[in-house]
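Participant: pasted the sequence and its predicted model underneath.
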Amino acid sequence: MPRMCTQCGKTYSRTIKRSHSMRSSIVRLLPNLQYAVFDGQRVKACARCIKTKNKTK
C-alpha cells in the first residue's frame, strides 16, 4: 500500500537538505498518515483530512 492519503491523495514531497558546508542531499517529506474511520471503513488519511472531518461533524 503506498504512503498516500485515501481522501485527498497527498503523497510525499521532495526537498533539498543543506548542511553548514552547503552540501546538498535530497530528502523525502512524508505526510502524517493515521488510521481513521471514514464511512464505516478503516482507511489511511492524513492529519489534515481527519481534522477537517471532525470539524464538519
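Facilitator: Looks like it arrived, so ask away.
Participant: name the residues that touch the host helix or strand of Lys51?
Facilitator: Per DSSP states H and E, Lys51 falls inside helix 47-55. With contact meaning Cβ atoms under 8 Å, 6 or more residues apart in numbering, helix 47-55 is reached by 5, 7-8, 10, 32, 34, 36, 38, 45. C-betas here are computed from N, CA, C, even on glycine.
Participant: mind doing that once more with 7 Å?
Facilitator: 5, 7-8, 32, 34, 36 (Cβ atoms under 7 Å, 6 or more residues apart in numbering).
Participant: any of the residues you listed buried? List them.
Facilitator: For those, a burial check counting by 16 or more other Cβ atoms under 10 Å picks out 5, 7, 36.
Participant: need the contact list for the second one.
Facilitator: I take that to be Gln7. Applying Cβ under 7 Å, 6+ apart, the residues near Gln7 are 38, 45, 49.
Participant: same question, the first one
Facilitator: For Cys5, the residues meeting the contact criterion (Cβ under 7 Å, 6+ apart) are 31, 33, 44-46, 49.
Participant: 8 Å - rerun?
Facilitator: Per Cβ under 8 Å, 6+ apart, neighbours of Cys5: 11, 31, 33, 44-46, 49.
Participant: ok, the last one next?
Facilitator: Contact criterion Cβ under 8 Å, 6+ apart gives 42-45, 49-50, 53 as the residues in contact with Ala36.
Participant: and it, how far from Ser13?
Facilitator: 21 Å (Cβ to Cβ, to the nearest Å).
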